[in-house]
Each structure stands twice: as C-alpha cells, then as structure tokens.
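Colleague: Build me a model:
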Amino acid sequence: MSVSRDDRPYKGLESYQTQDADLFFGRELEAEQIIAKILSSRMTLLHAQSGAGKTSLLNALIIPTLECKGWIPVRAQPLDDPVLSICNATVQTILPPPEAEYQAVFNACEKLAVPQEAPISALLRQYDLLPHHDPRRRELLRPVKLRKSDSTISIEHAHFAPFFCRVLRSSIDEESFIEHLAAIAWDAKVEWPLLLTRGVIIKELLEILREDSVIHSYHKLFESLGTCGAGLATFFGNLITTYGARRHKFSLVLLLDQFEELFTRFVDPGPSISKVEGPSWRLRLQFFYELEKLYHARIQDMSTAGSVLPIRYIISMRDEYIAQLVDAIRAFEPQFNTYHLLLLTRDQAGAAIRKPAHIFGYRYSDNCYHKIINQLVKEEQFVEPTHLQLVCDKIWIRQGKNIARPDASTVGSQNTPEISIGVLDDLKGVPGILGSFLKEYLDGLDQVARFETLEMLEALVTKSRTRNIVDEKVLLYPPLRENSRRTDLLGELVKRSIVRIEGRLGGRFAEITHEFLIVPVLDEVRDFFASNPKHGRFQQAVNSLERYSQAEMRPLEAVLWLGEFQVLHEKQKHIAWDARSVEVMARSAIYRGFEDRNVLKYWLKLRHELQSMEVFDEKNILSEGRTKILSYAELEFVNKGREALKVTATQIELLLKSELQRARDDDRNDVAYWARRMSEHV
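Modeller: Numbers count the residues shown, from 1 in each chain. Model (predicted):
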C-alpha cells in the first residue's frame, strides 16, 4: 500500500531511504562524525529531538557509507517484539534469498533495456548513465518483496534488500557481490571464481540464481541460524560462524532505530488499568537482557575463539528518553560514544532546499528562498527537516512539476525556470502550508468518512501523545464496523503520506508518518466531535453495544439506554451486525417498549435470521494463536463435543479462563472439567 515518490525531489513526511541518497543534502558533516564514533567504539547512542531526521540520516548517508567501508549495516526498529524484529531485519538485509537477487537483476535488465546476453558490467554502466532525477535510479534500488509462493523462507510481508542493489549504488563491488552469492550457495556446485574471472554474463547469473542446488543451499544456511527464541547471542553466533566464516571480511553494524518506543509502548500501566493494549513491558526487559548477552558473546570456532562477535551497535532515539536508555546500557557497558544530532542550520537547510530543485531543473527566486528560510527558522538558527520537506513538496506540487526542465541545457544558469515568491504567498506562506496539510484532506470527506478516518487516526496516537503502532487488522476490522469502507479510507491515508503501513513480524502494521501530525490529529478529533455531537453519541453507543455483545450478561443487564438504541437504529447501515449485537438490540427494543411496533418487529426478525445462520467450527473457535476469551455460545458448542476434541495445553488454558469468566451457576461441571484437564498438563 506504499506509494512511490521516485519522481519527486522532496520526500514530504516520508523518511529518506537508502535509494534516496542522490537527493539527500545538508547532513554530510554529521554523517562523517557519526561514522567516526561508530568505528571508534562498539556502542554509540545517537539522539535528537523529534523531527531532526535521524532515520533519514541513517538510511541515506550512514548505511551507504558504512557499506563502502566494508561493513554490513542492519537497521531495525522495536516494532511489537524488539528481539524478533532484529532477527528478521538481519535476515532481510544480510541473507536475501536467491529469488530476491534474481528479481533485482531481472528488473534492472527490463528497466534499462539491457539484453541478458550482455555482461553485468554493461548493466552497471547503463545504470550509472541515468541522470540523478530519473526515477529509475531510486526504483531499482528499492527492497524486493517476494510473493509467498516464490520465497524459500517464512517471513511474511517481508521486503528483502538484494546485494545487487548495493552493487548498483556502488557501495560494494562485483567481487563482493559474487563472494556473497558463494557464501549463501556454499553447497551448490558453482564455479564462482571462474564466473567472476571471465566476466559475469547476466543470463548465466540469472540461471544460477534459479538453480535448485543454489536455493537448497541457501535454505540450509537459513535453517542453520535457528530461531530467535534461542536468543540474540545464539542467532548472531550461528550467523557469524556459518555465513560470516565464508566471507573474506564480515563485520556488522546494528542500527537500532526509533528505540524510544521501548519506553513509550512497552510499558506497564499499573493495576488501575485492567485492559492493556500493545506489547508487554516484559519484552523491553527481555531486549536489554538479550542485548547484554549478545554484547559479551564470544566466537566459538577454533581459529578465533575468545574474540567478541564482530558487531558494532548504534541506538537511535529521541532526546527525552535518552536517560532511561543510558541507565540500561551502563549496566553492561559503562563506556560508550554519544552523538547529539541538532536540527538543520540555515546553510544546511539551504542545501536541502536548493540542491534537489537543481537536480530536477528548476530553482527558487532569491526572495522566495529567503522567505521560506526566514519562516522556517527557529531560535534564529535552526530548521526542522520535516517542516522543510512539507513546504518544498507542496511548492513542487503547486508549480515545480509544471516548470521543471531537468534535461534542459539552461539548468544551472539564470535562465533556469524559477519559483517566484508569489507561489509561496498564494499558499499563505510556510504557516499556511503546515497548517493545512491534514485539514485539506479531511475537508474533502463526507461526515461518515471523516468520522471513521478520525477514528482510525486517533487509534494511532497514544494517551501520552506519541505515535502508536497498530496492527492493520485492528484498524480495518474493528467490531461491528464495515471493513470494506475502512479499507478504502486507510488506503487514501497511505497515498497521502499521512499513515505508513509496513510488513513486520509476520503482519502489517500502521503508524502516523510523523510526530508533526499528532497535534493536528488530536485537534481535528476534538473539533469534529464538538461540532458533531451525534457522531460522538454514535461512537459511545457502538462501544456499549460491543461491550454488551461480547459479555454474557443476563437479559436486563445487556440493555442499551434509550438514546444509545435510537442512534444505533438510525445509523444501522454503518454497522456490521452479528447475531449477538442484534440480540442486544432486540432485548433493548423489548425492554424499552417501543410504541412504534415496526422497530421491535425489525429487530426481532433480524435476530431470528442471524441466529438461524450462526454456525460454529471448533477449528475457528480454537484457532492457533487465539487469546481472546470465548463467548458463552462458543463455550456451549465446544462443551457439547469436548470428549472427542483434541486440544493442546494452551487451548485448555484458554477454555478454562473462558469458563471462569463466563460461567453461570449451573455451569460448575464445565469449570471442573476443564480445571481437571488443565491439571493433567501441568
């Protein structure tokens, strides 16, 4: 669901990626200083305020430069499980499957119109001839997403970073590329040195990458790493003593980005809050335990036994959480480097504004440029990169793309087409651009669409006013809501770079693209519900309906208030009804004694229709990985055939928990039965 910006000079709210290095300017000095710290110490902490561009700097400058120096950088985020996330990111970066390499080479041949009979050097030359504004330069460097049927490993929704892409961007050479292929296809009978010596022919390379022996060898290597459940030290130890031992030089840099999430999402809310959403705080403790073990782990093979694993670490996070991180790191490493990344200076902001425009064949008039800088600058010296990107991207959309002439001979001269100050004034300057970004989109929606869009956006902001990462399914399939409409609305948020969705940890997760949007989102939510009280009442009524339909209450307990019933009846087409929610509506209609008999008749008829259609399946009820307590109706269905039911200890535990929560006075035998089954597995 991501949208390519390869044909635009600025990134808007998106972070720069490794493929965007050609368009990333202003941070060259900081990149040199940070790399010097990484190479001089095993542990480095990079911190900055929100919006300073830490992720963009890591992706567009730090990673390519480290690769040029012979290191293999791996960038990971905490996501919902920091340890698993690091393992997955390592596989996606260091061990992309042969199918991913094949796809990258094949795509380059197609896009650059190079015949497969040509040597790979011809393909590289053709890529180097592309002008910097050509979107193919970035498109061909993007990570490759494999179809599940094409992949030999089971990381769903994963994007792999082919080593061939690193050859294209000149951060590694052909020899290193072939050495990597030889390492992952160690057991395959391929004469890799001979292939390199006589010149790599594209067609021959593609055929090799499709060979069963190569794929089998890769799969054997992947399996040798073991699972992340064994711990980071074991996982990376296996990686280094297998794949690493086959490389002439193998040194890693783990770039742990956005790790403030350890302290914003992995938290214990305390005993006053009964329902906890999000990952467990125990995963944060586990991460630091695993990191300490990895940091002190030693190589086990005979030739280099006793040496620490060849890994450097850089943890990147926001300023306000650095003290908490430092305390955790000092527990096992009292000496480490730190680097405080400041906002852009005026000169750096000038490079970030003018140089991408120059590449695309236009420029800003002097008075327009100076007005942008003066309105962006804070404390007379600093500029936030995110604000700069939003402003310049808006100007590009308004006029830049219409006047750009990147192939014209006049580019760089006074005849280069320019953006006048009138364009900026029409947009009401920098304040007008920043203030209208989210509002412009929401104003174009009808009331129902705006309501559901704001409902999704509100879920992406935590109670502490930070970004929240939410499973896409939570947004698309909330109880009692129509998912097809929400799918379309979420897709529009992604297209407009308001929300980002990425495949992670076997699922797809959504987050707001930048902290800059948090305050506008909360403001829009507040203003909308203040001016549309009926929508607020509808939301409260849906929450009550969900609560009553999920809980097994006695008839008079699961009855809606009159106002709740009326608003739900009025907006019944906006709800995806199931048998239990209709049951609550029917009970409420009976209890409230509606004078309009058609209302009562409608809900009783719908109740009868849905209940006659409700069919349970024990495989679905007890599906692997389910943690949600079973409903009373589901428990009744399971108990009818429980003697013949094959269940695991985890499923028995779930059934017992459900019985303890749902049981009525006459259900004591069911509770006793599952308690006895549980004791048999303890």
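Colleague: what about residue 325, how many neighbours?
Modeller: 18 (other C-beta atoms under 10 Å). In short, each C-beta sits where N, CA and C put it, glycine included.
Colleague: should've said residue 374
Modeller: 12.
Colleague: What values do phi and psi take at it?
Modeller: phi -60, psi -30 (degrees, to the nearest 10).
Colleague: Same question for residue 140.
Modeller: Here residue 140 shows phi and psi, under degrees, to the nearest 10, equal to phi -80, psi -10.
Colleague: Can you read off the pLDDT for it?
Modeller: Residue 140 carries a pLDDT score of 96 in this model.
Colleague: All further residue positions should be reported with the first residue as 162.
Modeller: Will do, 162 is the new start, and the previous item becomes residue 301.
Colleague: Which residue, other than its chain neighbours, is closest to the residue most central in space within the chain?
Modeller: Centroid-nearest residue in the chain: residue 663, 3.6 Å away (criterion: C-alpha atoms, centre = their mean). Nearest residue to residue 663 in three dimensions, chain neighbours excluded: residue 670, at 6.1 Å (C-beta to C-beta, 6 or more residues apart in numbering).
Colleague: Name the residues that touch the host helix or strand of the one you found?
Modeller: Per DSSP states H and E, residue 670 falls inside strand 668-673. Taking contacts as C-beta atoms under 8 Å, 6 or more residues apart in numbering, the residues outside strand 668-673 that touch it are 240-241, 317-318, 618, 621-622, 628-634, 636, 651, 659-663, 679, 682.
Colleague: what helices or strands is the very next helix or strand once past that strand leaning on?
Modeller: Per DSSP H and E, strand 668-673 leads on to helix 679-692 as the next helix or strand towards the C-terminus. Applying 3 or more C-beta pairs under 8 Å, 6 or more residues apart in numbering; DSSP states H and E, we find helix 679-692 packed against helix 590-604, helix 608-620, helix 694-711.
Colleague: please redo it, this time with the cut-off set to 6 Å
Modeller: Here helix 679-692 touches helix 608-620, going by 3 or more C-beta pairs under 6 Å, 6 or more residues apart in numbering; DSSP states H and E.
Colleague: May I see the buried residues of the strand or helix carrying residue 453?
Modeller: Element membership of residue 453, judged by DSSP H and E, is helix 443-457. Using 16 or more other C-beta atoms under 10 Å as the test for burial, helix 443-457 gives 444, 445, 447, 448, 449, 451, 452, 453, 455, 456.
Colleague: For residue 498, state which of the residues you listed is nearest.
Modeller: Closest approach between the buried residues of helix 443-457 and residue 498, by C-beta to C-beta: residue 456, at 14.4 Å.
Colleague: Now stretch 324-341: buried residues?
Modeller: Here stretch 324-341 shows 324-330, 332-333, 335, 337-341 as buried, counting by 16+ other C-beta under 10 Å.
Colleague: between those residues, which is closest to residue 351?
Modeller: Nearest to residue 351 among these, counting by C-beta to C-beta, is residue 339 at 9.8 Å.
Colleague: For the closest one, which non-adjacent residue is closest in space?
Modeller: Counting by C-beta to C-beta, 6+ apart, the residue nearest residue 339 is residue 357, at 4.8 Å.
Colleague: List the neighbouring strands of the longest strand seen in the chain plus their orientation.
Modeller: Counting residues, the longest strand in the chain under DSSP state E turns out to be strand 472-479. If you go by DSSP bridges, strand 472-479 pairs up with strand 204-209 (parallel), strand 413-417 (parallel).
Colleague: low-confidence ranges in the stretch 512-661 of the chain?
Modeller: Counting by pLDDT under 70, the stretch 512-661 of the chain has low-confidence residues at 569-575, 643.
Colleague: please redo it, this time with the cut-off set to 50
Modeller: 570-571 (pLDDT under 50).
Colleague: Tell me where it has helices.
Modeller: Using DSSP state H, counting those that start in this stretch, the helices found in the stretch 512-661 of the chain span residues 527-537, 546-556, 562-564, 582-587, 590-604, 608-620, 633-637, 644-656.
Colleague: Could you give the separation of the third one from the chain centroid?
Modeller: For helix 562-564, the separation from the chain centroid amounts to 32 Å (computed by C-alpha atoms, centre = their mean, to the nearest Å).
Colleague: The first one now?
Modeller: From the chain centre to the centre of helix 527-537 is a distance of 34 Å (C-alpha atoms, centre = their mean).
Colleague: For it, buried residues please.
Modeller: So helix 527-537, judged by 16+ other C-beta under 10 Å, has buried residues 529, 530, 532, 533, 534, 536, 537.
Colleague: likewise the second one?
Modeller: Taking 16+ other C-beta under 10 Å as the neighbour-count basis, helix 546-556 is seen to contain the buried residues 546, 547, 548, 549, 550, 551, 552, 553, 554, 555, 556.
Colleague: Adding distance to residue 476, write those out as JSON lines.
Modeller: JSON lines is the format used below for the buried residues of helix 546-556 (distance: C-beta to C-beta, whole Å):
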{"residue": "546", "distance to residue 476": "20"}
{"residue": "547", "distance to residue 476": "21"}
{"residue": "548", "distance to residue 476": "26"}
{"residue": "549", "distance to residue 476": "26"}
{"residue": "550", "distance to residue 476": "25"}
{"residue": "551", "distance to residue 476": "28"}
{"residue": "552", "distance to residue 476": "31"}
{"residue": "553", "distance to residue 476": "30"}
{"residue": "554", "distance to residue 476": "30"}
{"residue": "555", "distance to residue 476": "34"}
{"residue": "556", "distance to residue 476": "36"}
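Colleague: Contacts only, for residue 565.
Modeller: 521, 522, 523 (C-beta atoms under 6 Å, 6 or more residues apart in numbering).
Colleague: Domain boundaries for the protein, per the record?
Modeller: 175-253+388-429+437-503, 257-371, 507-596, 605-692, 694-774, 779-842 (automatic domain parsing).
Colleague: Out of those, the one nearest residue 380 is which?
Modeller: Of these, nearest to residue 380 by C-beta to C-beta is domain 257-371, at 5.0 Å.
Colleague: what's the span of that closest one, first residue to last?
Modeller: Taking C-alpha to C-alpha, to the nearest Å, the first and last residues of domain 257-371 lie 14 Å apart.
Colleague: Same question for the helix or strand hosting residue 770: list its buried residues.
Modeller: Using DSSP H and E, residue 770 sits in helix 758-774. The neighbour-count check on helix 758-774 (16+ other C-beta under 10 Å) flags 760, 761, 763, 764, 767, 768, 771 as buried.
Colleague: Could you do stretch 281-292 as well?
Modeller: 281, 283, 284, 285, 287, 288, 291.
Colleague: Residue 368 and residue 557, how far apart?
Modeller: Separation of residue 368 from residue 557 (C-beta to C-beta, to the nearest Å): 43 Å.
Colleague: Same question for residue 428.
Modeller: Counting by C-beta to C-beta, the gap from residue 428 to residue 557 is 40 Å.
Colleague: Compare these two (neighbour count), which wins?
Modeller: Remark: of residue 428 and residue 557, residue 557 carries more neighbours, 21 against 16, as counted by other C-beta under 10 Å.
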